[in-house]
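Trainee: sequence and predicted structure are below.
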Amino acid sequence: MSWISSLPLYRGKQVLLGGAALGVLCVVLSAGCSEVEHRHGEQRSNPYLTSDTRYPIPLSSPAGKEHRAVMLQHLETIQVIVNALVEEDYELAKGLTESHLGFFMHRQAMAHQQPENFPPAYHDLAMAHHAAAEELARIIPTKDLKQILPQFNNVLKACVACHLEFKVKSGS
Ligand code: HEC
């Protein structure tokens, strides 16, 4: 550097400028962070609570209970399938997926419920869910988690897709 920077006054200015730049950087960074937090907050807001746009399916009380029982069974089935995968019992995992989540289950559920109360879109989502389960059952014998997990994810996506669209409005 030239002789100017060796002057004490000039060096002082440099420090001052450096400090100001650092200050500006801090403000920008913290603004960025709070924005990220804000967006996080938005993501965390629960669509089921804030803007419930789900279509209510009118079911009689017994049909509503039946529907709930099937759903609780679905969740249990998912857990037992994951358990079977953990224990590397691929045959059991495949069998459960087929019989509890596949098209067979769909026919069972239809027989017990009032299909006329379910709109076509619900039916489509149910079929997509069963199709995803059939595909998972087909892939489980590969015993390759890199193939199994994405398909498992597709099954869960199908659960979530329907939950975002519909709710049950069961009468007394
Ligand atoms: C085609 C539509 C559809 C699919 C597919 C679906 N569900 Fe549901 N599920 C519903 C509806 C509708 C409700 C009732 C939600 C409400 O009224 O708030 C429900 C409720 C539930 C509940 C809550 C039960 C209770 O006690 O209230 C669970 C747990 C559940 N589902 C699990 C699953 C799982 C796991 C899957 C996938 C393997 C799945 N569901 C797939 C439509 C679906």
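Mentor: It's in. Numbers count the residues shown, from 1 in each chain.
Trainee: quick one: buried residues of the helix or strand containing Ala131?
Mentor: Using DSSP states H and E, Ala131 maps to helix 120-139. Buried positions in helix 120-139, judged by neighbour count with 16 or more other C-beta atoms under 10 Å: 122, 125-126, 128-134, 136-137, 139. C-betas here are computed from N, CA, C, even on glycine.
Trainee: return the list of helices and strands in contact with the helix or strand just after it.
Mentor: Using DSSP H and E, the helix or strand that follows helix 120-139 in sequence is helix 145-165. The contact analysis (3 or more C-beta pairs under 8 Å, 6 or more residues apart in numbering; DSSP states H and E) places helix 145-165 against helix 61-86, helix 120-139.
Trainee: helix 145-165 to helix 120-139, inter-axis angle?
Mentor: In terms of direction (axes from the mean of the first three to the mean of the last three C-alpha atoms, to 10 degrees), helix 145-165 departs from helix 120-139 by 170 degrees.
Trainee: could you pull up the mean pLDDT of helix 145-165?
Mentor: Computed over helix 145-165, the mean pLDDT rounds to 97.
Trainee: got the contact list for the closest residue to Asn154 other than its chain neighbours?
Mentor: Closest residue to Asn154 apart from its sequence neighbours, by C-beta to C-beta, 6 or more residues apart in numbering: Ala132 at 4.6 Å. For Ala132, the contact set (C-beta atoms under 8 Å, 6 or more residues apart in numbering) comprises Gln151, Asn154, Val155, Lys157, Ala158.
Trainee: mind redoing it with 10 Å?
Mentor: Ala132 makes contact with 97, 101-102, 151-159, 161 under the criterion C-beta atoms under 10 Å, 6 or more residues apart in numbering.
Trainee: what average pLDDT does the helix holding Ala131 get?
Mentor: On average, the pLDDT along helix 120-139 is 96.
Trainee: now swap in stretch 80-98 and tell me
Mentor: The model assigns stretch 80-98 a mean pLDDT of 98.
Trainee: dump the helices and strands packed on helix 145-165 into a markdown table; add distance to Glu165 as well.
Mentor: Formatted as a markdown table, the helices and strands packed on helix 145-165 follow (distance: least, C-beta to C-beta, whole Å):
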| stretch | distance to Glu165 |
| --- | --- |
| helix 61-86 | 14 |
| helix 120-139 | 7 |
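Trainee: so which of the buried residues of helix 120-139 reach the ligand?
Mentor: Residues of those in contact with the ligand (C-beta under 6 Å from any ligand atom): Tyr122, Leu125, Ala126, His129.
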